[in-house]
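K.L.:
compute the structure for the input listed below.
(one chain, ligands or ions: 4)
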Amino acid sequence: MMILKDILYKVGLDIVIGSTDVQINDIHFDSRAVKENDLFVAIKGTAVDGHDYIEKAVSQGAKAVVLEVMPDYQDENVTYIKVENAHKALALMAANFYENPSRQLKLVGVTGTNGKTTTTSLLYQLFKKSGFKTGLISTVEILIDEKVVATKHTTPDPMTINKHLAAMVAIGVDYCFMEVSSHGIAQERVTGLEFAGGVFTNLTHDHLDYHSTFAEYRDVKKRFFDQLPKDAFALTNLDDKNGAVMLQNTKAKKLGYALKTFTDYRAQIIENQFGGLLLKINEHEVWSKMVGEFNAYNVLAIYACAIELGLEEIEVLEVISQLEGVSGRFQYFTTVENRITAIVDYAHTPDALKNVLETINSIRTRNETVITVVGCGGDRDTSKRPKMAHIAAALSDQVIFTSDNPRTEDPQLILDDMEAGVEPQDYKKTITILDRSQAIKAAAKMADKNDIILIAGKGHETYQEINGVRSDFDDRKIIADILNKLNK
Ligand SMILES: CC(=O)N[C@H]1[C@@H](OP(=O)(O)OP(=O)(O)OC[C@H]2O[C@@H](n3ccc(=O)[nH]c3=O)[C@H](O)[C@@H]2O)O[C@H](CO)[C@@H](O)[C@@H]1O[C@H](C)C(=O)N[C@@H](C)C(=O)N[C@H](CCC(=O)O)C(=O)O
Ligand SMILES: Nc1ncnc2c1ncn2[C@@H]1O[C@H](COP(=O)(O)OP(=O)(O)OP(=O)(O)O)[C@@H](O)[C@H]1O
Ligand SMILES: N[C@H](CCC[C@H](N)C(=O)O)C(=O)O
Ligand SMILES: [Mg+2]
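P.N.:
Numbering: from 1, shown residues only. Ligands and ions are numbered 1, 2, ... in the order given. Next up is the predicted model:
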C-alpha cells in the first residue's frame, strides 16, 4: 500500500484530474487483474490498446488511472493522470512502489543477441561461490539467492522485476545479474532501475519482426548504455562490429573485452575441446568447462565484470574453473556403447547456430557424422528462417528440419520458409519431419558409432507450443530416452 503522490515521484505528469492523496493497494497494467483501490496503467500495446479497458478497470474498483489519452467519460471518484509515455511511467512507479530496490544492491545488466543467459548465470554462480548472496533474472529462471521462481520472459515487466529485486533486498542479496532484452529496453521495462554495470555481448540477426531494421535493433541496445549512471561501468565486446557503438554516448566508465582487439580485458584461447577451454587471461592460465570460442567471450566478460565489482583476480580465476555449464546451452552426453554424443543447445538465431556448428566441427576428432535437428519459432522473425536452414545444411552432414514452438502459425509453412534457404548442393542432406519427437527419433536412428547429434533451438525449454497450447516437451529427455531404447 502507498499514497498515490509517492508512487508518482519523478514521473512527469501532464494533467491530473482528482486527488493524489489517495491510498493505492497495488499497480496493474492488465485490467483483468485490477481489484478495489488499485492503480491501472493504460498501455498502448502491440496487440491491443490498454485505454480500451479503462472503464472495465474502474468498474473493478481502480482508484486511479495513469494514461496517455484522457477518456471522454471520467468517474468522479477516480484520479486520472495523463503522462507522455505510459511504459516509462509504469517503470518509474514500479520502482517507487517497491522503494527502489535496485539502489540497495549492485545490479548488473547484460544485453546482446546471444550469450545473455550464459553470462548472467555464470556471474550468478561465480558470486555465489565467492560467498555472496546473489540474485539472477534470466530467461531460464529467476533466483532470489537460492529460491527459484519460474519466469516467462527474458526481461520481465517492471512490476515483476522490482518485486523480485525487493525480495532479494529483504534477504540481504548483495549482487543481482539480469538479462536486458531488446524488447525490455524498447518497452522501458528496465527504466528507473539503477545499474552498477552494463555488459554488451554481441549483436547479430534476431527479432527483426519487432525492430524493423538492424540499425533500429542496434540503437535500442545502445539506449541501455546511454542511460547508465556515471559511477557504473559499461563493458563491451570490442571484437563485435557494434561493440564500440554501445559506448559512444554513455556517461559510465568505458571498458572493453576482446580476444582479437587490444583493450582493457583480453584473453587468448590455448585449447578448445569437448571437455572445455584453456584460456590465458592476464598472463594466467585458466581452465573452464565451457565449450567453444563463443564461450571464451562469455568467460572473459564475467571475469572483467567480477574485477570491476571489486573481487580479487586470483580468487576469480580459481572460481571460474569450477563453474558449470548452463542448462540447455551446449548440454551434452555421450552413450556408453557407441559413443554417440547428443548436444542440446538453445541456438535459435543464425549466429548462434553457426557458432555451435563451427565449434562442433572444429573439435570433432575423427570423421564423425554431424546430424542436426532444428526448427524456427512461429510468430517470430520470419527472415531468420532461411538463414538458419542455410547454416544448418552447410555445416552439418545430415539435417532434419522440424517444429520449434509454431505458436499460432502453420508448422509446415515455417518449414517451407526454412527450406527456401538451403543451397541446391545441400538438398540431399535435408529432410523435414514436422513432429519434433519423431525428428529426434529419426536422428537417433541415423546415428552410428561416434556420431554427433545437435538438437538446436529449445535448450532448457520444457514445452512445445502448438496452436497457442503448451504441452510438456524436453529435448534432453527425449533424446536420452530414445538412445536408451535403441540401445545405442
Ligand atoms: C510483443 C511483446 O513484447 N509483448 C509484450 C507486451 O505486450 P503487448 O504490448 O503486446 O500487450 P497487448 O496484448 O497489446 O496489450 C496492451 C495492454 O493492454 C492490457 N490489456 C489487455 C487485455 C485486457 O483485457 N486488458 C488489458 O488491460 C495488457 O495488459 C497490456 O498492458 O507487454 C507484456 C507485458 O509486459 C508482455 O507480456 C508481452 O510479451 C509477449 C507475451 C511476448 O511474447 N514477448 C516476447 C516477444 C518478449 O518480450 N521477448 C523478450 C526477448 C526474448 C529474447 O530474445 O530473449 C523477453 O524479454 O522475453
Ligand atoms: N557469446 C556468445 N556469442 C555467440 N553465441 C553465443 C554466445 N553465448 C552463447 N551463444 C549461443 O547462443 C545460444 C543462446 O545463448 P544464451 O541463452 O546465453 O543467449 P541469450 O542472449 O540469453 O538468448 P535469449 O535472447 O533467448 O535470452 C547458446 O545456446 C549458444 O548457441
Ligand atoms: N526468447 C526468444 C526465444 C526463442 C526460442 C525458440 N525456441 C522459439 O520459441 O522461437 C524469443 O522469444 O524469440
Ligand atoms: Mg536469455
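K.L.:
residue 199 sits in which helix or strand?
P.N.:
Per DSSP states H and E, residue 199 falls inside strand 197-200.
K.L.:
and that strand, which strands flank it?
P.N.:
strand 106-111 (parallel), strand 233-237 (parallel) (DSSP bridges).
K.L.:
got the CA coordinates for the lengthiest helix in the chain in CSV?
P.N.:
The residue-count maximum for a helix in the chain (DSSP state H) belongs to helix 293-308. Output of helix 293-308 as CSV, limited to C-alpha atoms (Å, rounded to 0.1, in the frame of the first residue of the first chain):
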residue,chain,number,x,y,z
GLU,A,293,35.2,-19.9,-28.9
PHE,A,294,31.9,-18.0,-28.2
ASN,A,295,32.1,-19.2,-24.6
ALA,A,296,35.6,-17.7,-24.3
TYR,A,297,33.9,-14.3,-24.7
ASN,A,298,31.3,-15.2,-22.0
VAL,A,299,34.1,-16.3,-19.6
LEU,A,300,36.2,-13.2,-20.3
ALA,A,301,33.1,-11.0,-19.8
ILE,A,302,32.3,-12.5,-16.4
TYR,A,303,36.0,-12.2,-15.3
ALA,A,304,36.0,-8.5,-16.3
CYS,A,305,32.7,-7.9,-14.5
ALA,A,306,33.9,-9.6,-11.3
ILE,A,307,37.1,-7.5,-11.3
GLU,A,308,35.1,-4.3,-11.9
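K.L.:
how close does residue 34 get to residue 302?
P.N.:
41 Å (CB to CB, to the nearest Å). Yep, even glycine has a C-beta here, placed from its N, CA and C like the rest.
K.L.:
sorry, back to before: need the contact partners of the strand holding residue 199.
P.N.:
For strand 197-200, the surrounding residues in contact (CB atoms under 8 Å, 6 or more residues apart in numbering) are 106, 108-112, 119, 180, 221, 224-225, 228, 232-237, 240, 243, 246, 250, 252, 301, 305, 308-309.
K.L.:
gap between the closest residue to residue 350 other than its chain neighbours and ligand 4?
P.N.:
Excluding the flanking residues, the one nearest residue 350 by CB to CB, 6 or more residues apart in numbering is residue 387, at 4.2 Å. Note on residue 387: its distance to ligand 4, by CB to the ion, to the nearest Å, is 20 Å.
K.L.:
am I right that residue 387 sits in a strand?
P.N.:
No: counting by DSSP: H, G, I helix; E, B strand; the rest coil, residue 387 falls outside a strand, being helix.
K.L.:
what distance separates the helix or strand where residue 392 lies from the middle of the whole chain?
P.N.:
Per DSSP H and E: residue 392 is located in helix 384-395. Taking CA atoms, centre = their mean, to the nearest Å, one finds helix 384-395 lying 22 Å from the centre of the chain it belongs to.
K.L.:
show residues contacting the helix or strand following it.
P.N.:
Next in sequence after helix 384-395, counting helices and strands by DSSP H and E, comes strand 398-401. Around strand 398-401, the neighbours that count as contacts under CB under 8 Å, 6+ apart are 369-375, 389, 392-393, 415, 418-419, 426, 429-433, 439, 442-443, 446.
K.L.:
okay then, goodbye and thanks.
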